[in-house]
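Sequence and predicted structure below; questions after.
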Amino acid sequence: MEKLRISGTNPLFGEIAVCGAKNAAVAIIPAALLVNGVCRIENIPDIKDVRLIIDMLVQLGASVTYVNDTTIEVNSSRLKTHVAPTELASKMRASYYLLGALLGRMNKAEVALPGGCNFGTRPIDLHEKGFRALGATVEIEDGIVYTNAQELCGCTIYLDTVSVGATINIMLAAVLAKGRTVIENAAKEPHIVDVANFLNAMGAKVRGAGTDVIRITGVPEMRGGCYSIIPDQIEAGTFMLLAAAAGGEVLVRNIIPKHMDSLTSKLEEMGVNVTEYDDSIRIERSGSLKGISVRTMPYPGFPTDLQPQMVALLSTVKGNSTVTEDVWENRFQYVDELRAMGADIEISGKKALIKGGTLHGSEVRATDLRAGAALIIAGAATEGVTQISSPHYIDRGYSDIERRLRSIGVKIERIFEAD
Ligand code: EPZ
(Lines give C-alpha, C1' and ligand atoms only; values in the text may rest on other atoms or scores of the structure.)
Protein backbone atom coordinates (compact mmCIF):
# COMPACT_ATOMS: atom_id res chain seq x y z
CA MET A 1 0.00 0.00 0.00
CA GLU A 2 1.28 3.45 -0.95
CA LYS A 3 1.64 6.02 1.83
CA LEU A 4 3.22 9.38 2.53
CA ARG A 5 5.38 9.18 5.65
CA ILE A 6 6.01 12.42 7.52
CA SER A 7 8.25 12.99 10.54
CA GLY A 8 7.49 16.20 12.43
CA THR A 9 8.28 18.62 13.84
CA ASN A 10 11.06 20.82 12.64
CA PRO A 11 10.86 24.41 11.45
CA LEU A 12 10.89 24.92 7.67
CA PHE A 13 13.23 27.18 5.73
CA GLY A 14 13.64 28.05 2.06
CA GLU A 15 11.56 28.84 -1.01
CA ILE A 16 8.78 26.91 -2.74
CA ALA A 17 7.29 27.79 -6.13
CA VAL A 18 3.57 27.41 -6.80
CA CYS A 19 2.35 25.63 -9.95
CA GLY A 20 -0.40 26.67 -12.34
CA ALA A 21 -3.94 26.70 -10.95
CA LYS A 22 -5.62 23.28 -11.03
CA ASN A 23 -9.17 24.68 -11.07
CA ALA A 24 -8.28 27.01 -13.94
CA ALA A 25 -6.48 24.31 -15.93
CA VAL A 26 -9.31 21.75 -15.69
CA ALA A 27 -11.63 24.37 -17.20
CA ILE A 28 -9.28 26.01 -19.73
CA ILE A 29 -8.21 22.72 -21.31
CA PRO A 30 -11.84 21.69 -22.10
CA ALA A 31 -12.45 25.28 -23.27
CA ALA A 32 -9.91 24.64 -26.04
CA LEU A 33 -12.59 22.41 -27.63
CA LEU A 34 -14.38 25.63 -28.59
CA VAL A 35 -11.43 26.77 -30.71
CA ASN A 36 -11.13 25.90 -34.40
CA GLY A 37 -7.35 26.03 -34.36
CA VAL A 38 -4.34 25.46 -32.12
CA CYS A 39 -4.28 26.68 -28.51
CA ARG A 40 -0.90 26.79 -26.77
CA ILE A 41 -1.54 26.59 -23.02
CA GLU A 42 1.38 27.27 -20.67
CA ASN A 43 1.91 26.83 -16.92
CA ILE A 44 -0.44 23.89 -16.60
CA PRO A 45 0.11 21.88 -13.37
CA ASP A 46 1.47 18.36 -13.96
CA ILE A 47 -1.23 16.60 -11.91
CA LYS A 48 -3.56 13.62 -12.35
CA ASP A 49 -6.73 15.65 -12.91
CA VAL A 50 -5.08 17.57 -15.77
CA ARG A 51 -3.79 14.37 -17.38
CA LEU A 52 -7.29 12.90 -17.11
CA ILE A 53 -8.99 15.84 -18.79
CA ILE A 54 -6.36 15.79 -21.56
CA ASP A 55 -7.08 12.07 -22.13
CA MET A 56 -10.77 12.93 -22.53
CA LEU A 57 -10.02 15.64 -25.10
CA VAL A 58 -7.95 13.17 -27.14
CA GLN A 59 -10.79 10.65 -27.11
CA LEU A 60 -13.10 13.39 -28.39
CA GLY A 61 -10.81 13.87 -31.39
CA ALA A 62 -8.63 16.79 -30.32
CA SER A 63 -4.91 16.40 -30.85
CA VAL A 64 -2.80 17.31 -27.81
CA THR A 65 0.98 17.74 -27.97
CA TYR A 66 3.11 18.12 -24.84
CA VAL A 67 5.63 20.87 -25.57
CA ASN A 68 7.07 20.26 -22.09
CA ASP A 69 5.76 19.14 -18.65
CA THR A 70 3.75 22.35 -18.21
CA THR A 71 2.94 23.37 -21.80
CA ILE A 72 0.56 21.71 -24.27
CA GLU A 73 -0.76 22.53 -27.72
CA VAL A 74 -4.38 21.53 -28.34
CA ASN A 75 -5.82 21.37 -31.85
CA SER A 76 -9.61 20.96 -31.84
CA SER A 77 -10.10 21.67 -35.54
CA ARG A 78 -11.44 18.19 -36.23
CA LEU A 79 -13.44 16.76 -33.31
CA LYS A 80 -14.84 13.29 -33.97
CA THR A 81 -17.58 12.97 -31.39
CA HIS A 82 -19.67 14.83 -28.81
CA VAL A 83 -19.73 11.79 -26.51
CA ALA A 84 -17.24 11.95 -23.65
CA PRO A 85 -15.63 8.66 -22.44
CA THR A 86 -17.82 7.63 -19.50
CA GLU A 87 -15.19 5.74 -17.51
CA LEU A 88 -12.95 8.82 -17.46
CA ALA A 89 -15.65 11.50 -17.06
CA SER A 90 -17.11 9.87 -13.95
CA LYS A 91 -13.72 10.06 -12.20
CA MET A 92 -13.57 13.81 -11.70
CA ARG A 93 -15.80 16.78 -11.03
CA ALA A 94 -14.41 19.05 -13.75
CA SER A 95 -15.49 16.70 -16.53
CA TYR A 96 -18.73 18.65 -16.51
CA TYR A 97 -16.90 21.43 -18.39
CA LEU A 98 -16.99 19.12 -21.40
CA LEU A 99 -20.77 19.69 -21.42
CA GLY A 100 -20.47 23.46 -21.85
CA ALA A 101 -17.59 23.26 -24.32
CA LEU A 102 -19.10 20.55 -26.56
CA LEU A 103 -22.55 22.17 -26.44
CA GLY A 104 -20.98 25.50 -27.36
CA ARG A 105 -18.94 24.04 -30.21
CA MET A 106 -21.16 21.21 -31.56
CA ASN A 107 -24.61 22.11 -30.18
CA LYS A 108 -24.68 18.75 -28.40
CA ALA A 109 -22.88 16.79 -25.69
CA GLU A 110 -23.11 13.51 -23.82
CA VAL A 111 -21.10 13.41 -20.59
CA ALA A 112 -21.35 11.14 -17.54
CA LEU A 113 -22.41 12.87 -14.33
CA PRO A 114 -19.19 14.10 -12.71
CA GLY A 115 -17.38 12.31 -9.91
CA GLY A 116 -14.95 14.11 -7.66
CA CYS A 117 -14.62 14.75 -3.94
CA ASN A 118 -17.63 13.83 -1.86
CA PHE A 119 -18.83 16.75 0.29
CA GLY A 120 -22.45 15.68 0.17
CA THR A 121 -24.66 16.13 -2.87
CA ARG A 122 -22.95 17.95 -5.73
CA PRO A 123 -25.86 19.05 -7.92
CA ILE A 124 -25.55 20.47 -11.42
CA ASP A 125 -29.02 22.04 -11.51
CA LEU A 126 -27.57 25.52 -12.12
CA HIS A 127 -25.53 24.23 -15.07
CA GLU A 128 -28.73 22.72 -16.48
CA LYS A 129 -30.63 25.98 -15.84
CA GLY A 130 -28.03 27.88 -17.87
CA PHE A 131 -28.00 25.44 -20.78
CA ARG A 132 -31.81 25.40 -20.97
CA ALA A 133 -31.94 29.21 -20.86
CA LEU A 134 -29.58 29.26 -23.86
CA GLY A 135 -32.03 27.04 -25.77
CA ALA A 136 -30.67 23.55 -25.14
CA THR A 137 -32.54 20.51 -23.88
CA VAL A 138 -30.96 18.69 -20.94
CA GLU A 139 -31.82 15.12 -19.96
CA ILE A 140 -30.13 12.83 -17.46
CA GLU A 141 -30.49 9.09 -17.97
CA ASP A 142 -28.51 6.29 -16.30
CA GLY A 143 -25.94 8.75 -15.04
CA ILE A 144 -25.33 10.38 -18.42
CA VAL A 145 -26.16 14.03 -19.15
CA TYR A 146 -27.53 14.53 -22.69
CA THR A 147 -27.80 18.08 -23.96
CA ASN A 148 -28.39 19.52 -27.41
CA ALA A 149 -29.72 22.59 -29.16
CA GLN A 150 -30.84 23.59 -32.63
CA GLU A 151 -29.27 26.95 -31.96
CA LEU A 152 -27.87 28.58 -28.81
CA CYS A 153 -29.23 32.09 -28.22
CA GLY A 154 -27.90 34.55 -25.65
CA CYS A 155 -30.06 35.40 -22.63
CA THR A 156 -29.86 36.56 -19.02
CA ILE A 157 -29.27 33.86 -16.39
CA TYR A 158 -29.46 34.45 -12.64
CA LEU A 159 -27.55 31.90 -10.54
CA ASP A 160 -29.55 31.17 -7.36
CA THR A 161 -26.35 30.03 -5.64
CA VAL A 162 -22.87 31.38 -6.36
CA SER A 163 -21.37 28.49 -8.33
CA VAL A 164 -17.88 28.31 -9.82
CA GLY A 165 -18.73 25.40 -12.07
CA ALA A 166 -22.02 26.77 -13.34
CA THR A 167 -20.51 30.22 -14.00
CA ILE A 168 -17.71 28.70 -16.08
CA ASN A 169 -19.92 26.16 -17.86
CA ILE A 170 -22.41 28.81 -18.95
CA MET A 171 -19.53 30.98 -20.22
CA LEU A 172 -18.29 28.04 -22.30
CA ALA A 173 -21.74 27.37 -23.78
CA ALA A 174 -22.36 31.07 -24.51
CA VAL A 175 -19.18 32.30 -26.27
CA LEU A 176 -20.27 31.00 -29.70
CA ALA A 177 -24.01 31.49 -29.12
CA LYS A 178 -26.00 34.09 -31.02
CA GLY A 179 -26.40 37.42 -29.25
CA ARG A 180 -25.56 38.46 -25.70
CA THR A 181 -25.60 36.40 -22.54
CA VAL A 182 -25.58 37.94 -19.06
CA ILE A 183 -24.71 35.80 -16.03
CA GLU A 184 -25.95 37.42 -12.83
CA ASN A 185 -24.74 36.45 -9.34
CA ALA A 186 -21.70 34.94 -11.03
CA ALA A 187 -18.81 33.48 -9.03
CA LYS A 188 -15.71 35.72 -8.85
CA GLU A 189 -12.87 33.27 -8.14
CA PRO A 190 -9.47 33.95 -9.75
CA HIS A 191 -9.91 30.89 -11.96
CA ILE A 192 -13.17 32.34 -13.36
CA VAL A 193 -11.21 35.40 -14.51
CA ASP A 194 -8.50 33.12 -15.89
CA VAL A 195 -10.99 31.15 -18.01
CA ALA A 196 -12.52 34.39 -19.31
CA ASN A 197 -9.07 35.74 -20.18
CA PHE A 198 -8.25 32.50 -22.01
CA LEU A 199 -11.51 32.67 -24.00
CA ASN A 200 -10.84 36.30 -24.93
CA ALA A 201 -7.28 35.41 -25.99
CA MET A 202 -8.86 32.93 -28.42
CA GLY A 203 -11.26 35.52 -29.85
CA ALA A 204 -14.28 35.44 -27.54
CA LYS A 205 -15.94 38.54 -26.08
CA VAL A 206 -16.34 38.05 -22.31
CA ARG A 207 -16.54 41.08 -20.04
CA GLY A 208 -16.98 41.49 -16.29
CA ALA A 209 -15.36 38.25 -15.10
CA GLY A 210 -14.33 38.75 -11.46
CA THR A 211 -17.51 40.69 -10.77
CA ASP A 212 -20.95 39.21 -10.11
CA VAL A 213 -22.20 40.16 -13.60
CA ILE A 214 -20.49 38.61 -16.62
CA ARG A 215 -21.51 39.72 -20.13
CA ILE A 216 -20.74 37.55 -23.15
CA THR A 217 -21.25 38.62 -26.77
CA GLY A 218 -21.34 35.56 -29.01
CA VAL A 219 -18.77 35.39 -31.84
CA PRO A 220 -19.02 33.19 -34.96
CA GLU A 221 -15.73 31.41 -34.41
CA MET A 222 -12.72 31.29 -32.07
CA ARG A 223 -9.25 30.95 -33.56
CA GLY A 224 -6.08 29.64 -31.88
CA GLY A 225 -3.69 31.53 -29.66
CA CYS A 226 -1.42 31.29 -26.64
CA TYR A 227 -2.27 31.56 -22.95
CA SER A 228 -0.50 31.04 -19.61
CA ILE A 229 -2.47 29.85 -16.59
CA ILE A 230 -2.38 31.84 -13.33
CA PRO A 231 -0.66 30.47 -10.20
CA ASP A 232 -2.75 28.22 -7.97
CA GLN A 233 -4.34 30.22 -5.13
CA ILE A 234 -5.16 27.05 -3.18
CA GLU A 235 -1.73 25.46 -3.54
CA ALA A 236 -0.20 28.78 -2.41
CA GLY A 237 -2.51 28.88 0.59
CA THR A 238 -1.71 25.28 1.45
CA PHE A 239 2.03 26.09 1.56
CA MET A 240 1.40 29.25 3.61
CA LEU A 241 -0.61 27.26 6.16
CA LEU A 242 2.06 24.53 6.24
CA ALA A 243 4.76 27.09 7.04
CA ALA A 244 2.59 28.66 9.74
CA ALA A 245 1.96 25.25 11.32
CA ALA A 246 5.53 23.88 11.23
CA GLY A 247 7.20 27.22 12.02
CA GLY A 248 10.34 28.72 10.47
CA GLU A 249 10.56 31.04 7.49
CA VAL A 250 9.33 30.13 4.00
CA LEU A 251 9.03 32.21 0.83
CA VAL A 252 6.06 31.04 -1.27
CA ARG A 253 6.97 32.11 -4.82
CA ASN A 254 5.15 32.56 -8.13
CA ILE A 255 1.84 33.70 -6.67
CA ILE A 256 -0.57 36.63 -6.98
CA PRO A 257 -0.61 38.04 -3.42
CA LYS A 258 -3.96 39.75 -3.96
CA HIS A 259 -5.58 36.32 -4.35
CA MET A 260 -4.36 35.40 -0.86
CA ASP A 261 -5.84 38.40 1.00
CA SER A 262 -8.45 36.48 3.03
CA LEU A 263 -5.85 33.93 4.22
CA THR A 264 -3.17 36.55 4.84
CA SER A 265 -5.58 38.47 7.03
CA LYS A 266 -6.41 35.36 9.10
CA LEU A 267 -2.77 34.32 9.50
CA GLU A 268 -1.85 37.82 10.72
CA GLU A 269 -4.77 37.67 13.17
CA MET A 270 -3.21 34.47 14.58
CA GLY A 271 0.18 36.13 15.01
CA VAL A 272 1.99 34.88 11.89
CA ASN A 273 4.35 37.37 10.21
CA VAL A 274 3.29 37.74 6.57
CA THR A 275 5.32 39.84 4.13
CA GLU A 276 4.01 40.46 0.61
CA TYR A 277 6.21 41.03 -2.44
CA ASP A 278 5.24 41.45 -6.11
CA ASP A 279 4.86 37.74 -6.83
CA SER A 280 5.60 36.02 -3.53
CA ILE A 281 4.71 35.98 0.15
CA ARG A 282 7.06 35.27 3.05
CA ILE A 283 5.65 33.39 6.05
CA GLU A 284 7.54 33.63 9.35
CA ARG A 285 6.32 31.91 12.49
CA SER A 286 8.50 31.59 15.56
CA GLY A 287 6.34 32.04 18.67
CA SER A 288 2.96 30.71 19.73
CA LEU A 289 -0.18 31.57 17.77
CA LYS A 290 -3.70 32.27 18.95
CA GLY A 291 -7.04 30.72 18.03
CA ILE A 292 -9.43 32.56 15.68
CA SER A 293 -12.80 32.23 13.93
CA VAL A 294 -13.02 31.53 10.19
CA ARG A 295 -16.02 31.28 7.84
CA THR A 296 -15.68 29.94 4.29
CA MET A 297 -17.33 31.97 1.53
CA PRO A 298 -17.14 32.41 -2.24
CA TYR A 299 -14.23 34.61 -3.38
CA PRO A 300 -13.04 37.06 -2.12
CA GLY A 301 -14.05 35.35 1.14
CA PHE A 302 -11.98 32.64 2.81
CA PRO A 303 -11.79 29.72 0.32
CA THR A 304 -13.56 26.47 1.21
CA ASP A 305 -10.63 24.67 -0.44
CA LEU A 306 -8.36 25.92 2.37
CA GLN A 307 -10.80 24.96 5.14
CA PRO A 308 -9.32 21.54 5.99
CA GLN A 309 -5.79 22.93 5.93
CA MET A 310 -6.80 25.80 8.26
CA VAL A 311 -8.50 23.34 10.66
CA ALA A 312 -5.28 21.32 10.74
CA LEU A 313 -3.28 24.43 11.67
CA LEU A 314 -5.80 25.52 14.31
CA SER A 315 -5.74 22.01 15.84
CA THR A 316 -2.08 22.62 16.74
CA VAL A 317 -2.60 26.15 18.11
CA LYS A 318 -3.33 26.44 21.84
CA GLY A 319 -6.68 28.14 22.29
CA ASN A 320 -10.24 27.85 21.03
CA SER A 321 -11.16 28.36 17.36
CA THR A 322 -14.25 27.95 15.22
CA VAL A 323 -14.39 27.20 11.50
CA THR A 324 -17.74 27.51 9.71
CA GLU A 325 -18.16 25.76 6.34
CA ASP A 326 -20.71 27.83 4.43
CA VAL A 327 -20.10 26.54 0.88
CA TRP A 328 -20.41 22.74 1.14
CA GLU A 329 -22.99 20.86 3.17
CA ASN A 330 -20.62 18.23 4.49
CA ARG A 331 -16.93 19.04 4.28
CA PHE A 332 -15.76 17.84 7.70
CA GLN A 333 -15.45 14.07 7.05
CA TYR A 334 -11.65 14.37 7.34
CA VAL A 335 -11.93 15.53 10.99
CA ASP A 336 -11.92 11.91 12.21
CA GLU A 337 -8.41 11.54 10.79
CA LEU A 338 -7.23 14.60 12.72
CA ARG A 339 -8.90 13.19 15.84
CA ALA A 340 -6.78 10.02 15.36
CA MET A 341 -3.82 12.38 15.78
CA GLY A 342 -5.25 13.71 19.03
CA ALA A 343 -7.10 16.76 17.71
CA ASP A 344 -9.94 18.00 19.92
CA ILE A 345 -12.61 19.00 17.38
CA GLU A 346 -16.37 18.99 17.87
CA ILE A 347 -18.64 19.33 14.83
CA SER A 348 -21.89 21.18 15.38
CA GLY A 349 -23.83 21.60 12.10
CA LYS A 350 -21.72 23.77 9.81
CA LYS A 351 -19.27 24.63 12.58
CA ALA A 352 -16.08 22.95 13.74
CA LEU A 353 -15.26 23.89 17.36
CA ILE A 354 -11.53 23.36 17.85
CA LYS A 355 -9.62 23.19 21.13
CA GLY A 356 -6.05 23.48 19.85
CA GLY A 357 -3.28 21.49 21.52
CA THR A 358 -0.50 19.01 20.90
CA LEU A 359 -1.09 16.28 18.32
CA HIS A 360 0.76 12.99 17.91
CA GLY A 361 1.76 10.97 14.85
CA SER A 362 -0.68 8.34 13.63
CA GLU A 363 -1.79 6.15 10.71
CA VAL A 364 -4.35 8.26 8.82
CA ARG A 365 -6.11 8.24 5.46
CA ALA A 366 -6.64 10.98 2.90
CA THR A 367 -10.39 11.19 2.21
CA ASP A 368 -10.09 13.80 -0.53
CA LEU A 369 -7.59 16.17 -2.09
CA ARG A 370 -7.60 19.02 0.43
CA ALA A 371 -8.15 16.71 3.40
CA GLY A 372 -4.94 14.95 2.36
CA ALA A 373 -3.15 18.30 2.29
CA ALA A 374 -4.49 19.00 5.79
CA LEU A 375 -2.98 15.74 7.07
CA ILE A 376 0.41 16.70 5.63
CA ILE A 377 0.18 19.99 7.53
CA ALA A 378 -0.81 18.23 10.76
CA GLY A 379 1.98 15.67 10.34
CA ALA A 380 4.63 18.31 9.70
CA ALA A 381 3.57 20.19 12.84
CA THR A 382 3.50 17.12 15.11
CA GLU A 383 6.10 15.11 17.04
CA GLY A 384 6.46 11.56 15.76
CA VAL A 385 5.62 9.83 12.50
CA THR A 386 2.38 10.25 10.57
CA GLN A 387 1.60 7.90 7.66
CA ILE A 388 -1.06 8.98 5.18
CA SER A 389 -2.68 6.28 3.05
CA SER A 390 -4.57 6.99 -0.21
CA PRO A 391 -2.06 9.67 -1.27
CA HIS A 392 -3.47 9.43 -4.80
CA TYR A 393 -6.04 12.00 -3.68
CA ILE A 394 -3.20 14.41 -2.92
CA ASP A 395 -1.57 13.68 -6.29
CA ARG A 396 -4.76 14.85 -8.00
CA GLY A 397 -3.99 18.44 -7.06
CA TYR A 398 -0.35 18.71 -5.94
CA SER A 399 2.38 17.69 -8.35
CA ASP A 400 5.62 16.06 -7.18
CA ILE A 401 4.56 16.94 -3.64
CA GLU A 402 7.15 15.13 -1.56
CA ARG A 403 10.15 16.46 -3.53
CA ARG A 404 8.83 20.02 -3.36
CA LEU A 405 8.08 19.85 0.37
CA ARG A 406 11.49 18.31 1.13
CA SER A 407 13.06 21.37 -0.52
CA ILE A 408 11.81 23.50 2.40
CA GLY A 409 12.73 20.92 5.05
CA VAL A 410 9.63 18.75 5.47
CA LYS A 411 10.73 15.21 6.39
CA ILE A 412 8.42 13.42 3.95
CA GLU A 413 8.79 10.34 1.77
CA ARG A 414 6.52 8.06 -0.26
CA ILE A 415 6.65 4.45 0.96
CA PHE A 416 5.13 1.25 -0.37
CA GLU A 417 4.08 -1.24 2.31
CA ALA A 418 3.00 -4.81 1.59
CA ASP A 419 -0.79 -4.95 1.88
C1 EPZ B 1 -15.37 24.14 -7.63
O2 EPZ B 1 -16.30 23.09 -7.46
C3 EPZ B 1 -14.02 23.56 -7.27
N4 EPZ B 1 -13.72 22.45 -8.16
C5 EPZ B 1 -14.02 23.07 -5.83
O6 EPZ B 1 -12.67 22.73 -5.53
C7 EPZ B 1 -14.42 24.21 -4.90
O8 EPZ B 1 -14.59 23.69 -3.59
C9 EPZ B 1 -15.73 24.85 -5.36
O10 EPZ B 1 -15.65 25.24 -6.75
C11 EPZ B 1 -16.07 26.11 -4.54
O12 EPZ B 1 -15.03 27.04 -4.68
C13 EPZ B 1 -13.27 22.72 -9.41
O14 EPZ B 1 -13.11 23.87 -9.77
C15 EPZ B 1 -12.96 21.53 -10.26
P16 EPZ B 1 -19.61 25.21 -6.95
P17 EPZ B 1 -17.82 23.26 -8.02
O18 EPZ B 1 -20.45 24.93 -8.13
O19 EPZ B 1 -17.79 24.06 -9.26
C20 EPZ B 1 -23.87 24.42 -5.05
C21 EPZ B 1 -10.84 21.37 -5.00
O22 EPZ B 1 -10.46 20.99 -3.89
N23 EPZ B 1 -24.29 24.13 -6.43
O24 EPZ B 1 -18.99 26.55 -6.78
O25 EPZ B 1 -18.44 21.92 -8.03
C26 EPZ B 1 -22.94 23.34 -4.51
O27 EPZ B 1 -23.68 22.26 -3.97
C28 EPZ B 1 -12.31 21.35 -5.34
O29 EPZ B 1 -10.09 21.85 -5.88
C30 EPZ B 1 -25.65 23.95 -6.69
O31 EPZ B 1 -26.48 24.01 -5.80
O32 EPZ B 1 -18.46 24.12 -6.84
C33 EPZ B 1 -22.16 24.09 -3.45
O34 EPZ B 1 -22.91 24.11 -2.25
C35 EPZ B 1 -13.13 20.68 -4.25
N36 EPZ B 1 -26.04 23.68 -7.97
C37 EPZ B 1 -22.06 25.51 -4.02
O38 EPZ B 1 -23.07 25.60 -5.04
C39 EPZ B 1 -25.15 23.61 -9.01
O40 EPZ B 1 -25.58 23.39 -10.16
C41 EPZ B 1 -20.72 25.83 -4.65
O42 EPZ B 1 -20.46 24.84 -5.63
C43 EPZ B 1 -23.78 23.81 -8.73
C44 EPZ B 1 -23.38 24.07 -7.43
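Perfect, I can see it now. Numbering: from 1, shown residues only.

tell me the contacts of the closest residue to the ligand within the stretch 151-300 of the chain?
Using CB to the nearest ligand atom, residue 165 is the residue of the stretch 151-300 of the chain that sits closest to the ligand, at 2.7 Å. C-betas here are computed from N, CA, C, even on glycine. Shown in contact with residue 165 (CB atoms under 8 Å, 6 or more residues apart in numbering): 93-94, 96-97, 124, 126-127.

Now the two most distant members of the residues you listed.
Greatest spatial distance among these (CB to CB): 94 and 126, at 15.5 Å.

more crowded one of these two?
Per other CB atoms under 10 Å, whichever of residue 94 and residue 126 has more neighbours is residue 94, with 24 against 21.

Around the nearest residue in space to residue 155 that is not next to it in sequence, how many other residues sit close by?
Nearest residue to residue 155, sequence neighbours excluded (CB to CB, 6 or more residues apart in numbering): residue 133, at 4.9 Å. Neighbour count for residue 133, taken as other CB under 10 Å: 20.

Now residue 133: phi and psi?
In terms of degrees, to the nearest 10, the main-chain angles of residue 133 are phi -60, psi -30.

That one reaches residue 157, doesn't it?
Yes: contact between residue 133 and residue 157 holds when scored by CB atoms under 8 Å: they sit 4.9 Å apart.

Tell me where the model's unsure across the chain.
By pLDDT under 70, the low-scoring segments of the chain are 116-117.

Could you pick out the residues of it near the ligand for me?
Within the chain, the positions near the ligand by CB under 6 Å from any ligand atom are 22-23, 26, 93-94, 117, 122-127, 161, 163-166, 187, 304-305, 327-328, 369-370, 397.

Could you break this structure into its assigned domains?
2-18+232-416, 22-228 (automatic domain parsing).

Contacts only, for the residue lying closest to residue 104 once chain neighbours are set aside.
Once flanking residues are discounted, residue 104 sits nearest to residue 173: 4.6 Å by CB to CB, 6+ apart. Residue 173 makes contacts with 99-101, 103-104, 130-131, 134, 136, 152, as judged by CB under 8 Å, 6+ apart.

Residue 96 now?
Residue 96 sits next to 111, 114, 124, 127, 145, 165, 169 when contact means CB under 8 Å, 6+ apart.

Check whether it sits in a helix, strand or coil.
Secondary structure state of residue 96, per DSSP: H, G, I helix; E, B strand; the rest coil, is helix.

swap in the one 3 residues further on?
Classification of residue 99 using three-state DSSP returns helix.

quick one, what contacts it?
Taking CB under 8 Å, 6+ apart as the test, what residue 99 contacts is 109, 111, 127, 131, 145, 147, 169, 173.

which of those lies closest to the ligand?
For the contacts of residue 99, with the ligand as the reference and CB to the nearest ligand atom as the criterion, the closest is residue 127, at 5.1 Å.

what about that closest one, how many neighbours?
Using other CB under 10 Å, residue 127 has 26 neighbouring residues.

and the gap between it and residue 164?
According to CB to CB, to the nearest Å, residue 127 and residue 164 sit 11 Å apart.

which residues does residue 295 bridge with?
Beta-bridge pairing for residue 295 (DSSP bridges): residue 324.

whoops, residue 384 was the one
Here residue 384 sits in beta bridges with residue 8, going by DSSP bridges.

pretty sure it contacts residue 7?
Yes: if you go by CB under 8 Å, residue 384 and residue 7 touch, sitting 7.5 Å apart.

Overlap of the contact sets of the two?
Common neighbours of residue 384 and residue 7 (CB under 8 Å, 6+ apart) are residue 361.

List the contacts of stretch 203-217.
Contacts of stretch 203-217 (CB under 8 Å, 6+ apart): 34-35, 154, 162, 167, 171, 174-175, 177, 179-186, 188, 190, 192-193, 195-197, 199-200, 218-219, 221-223, 225.

Over to the residue of the stretch 201-350 of the chain found nearest the ligand. Which of the three states is it?
Across the stretch 201-350 of the chain, no residue is closer to the ligand than residue 305, which sits at 4.3 Å (CB to the nearest ligand atom). When classified by three-state DSSP, residue 305 comes out as helix.

Burial check on it, number of neighbours?
Neighbour tally, residue 305, other CB under 10 Å: 25.

excluding its backbone neighbours, what's nearest it?
residue 234 (4.5 Å).

Can you name the residues that contact the one you found?
Contacts of residue 234 (CB under 8 Å, 6+ apart): 21-23, 303, 305-306, 370, 397.

And the helices in the stretch 51-200 of the chain?
Assigned by DSSP state H, counting those that start in this stretch, the helices in the stretch 51-200 of the chain fall at 86-89, 97-106, 125-133, 164-174, 190-201.

contacting residues around the first one?
By CB under 8 Å, 6+ apart, the residues outside helix 86-89 that reach it are 52, 55-56, 59, 95, 98, 111-112, 114-115, 143-144.

Then stretch 135-153?
86, 90, 96, 99, 103-104, 107-113, 124, 128, 131-132, 134, 155, 173-174, 176-179, 218.

Selection in ChimeraX covering whichever of those are buried, please.
Only the buried entries of these go into this ChimeraX selection, using 16 or more other CB atoms under 10 Å:
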select :86,90,96,99,103,104,107,109,110,111,112,113,124,128,131,134,155,173,174,176,177,218
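
Format the contacts of residue 234 as TSV; extra columns: distance to residue 352.
Shown next, in TSV, are the contacts of residue 234 (distance: CB to CB, whole Å):
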residue	distance to residue 352
21	26
22	24
23	23
303	16
305	16
306	14
370	14
397	22
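
Nothing else from me, thank you.
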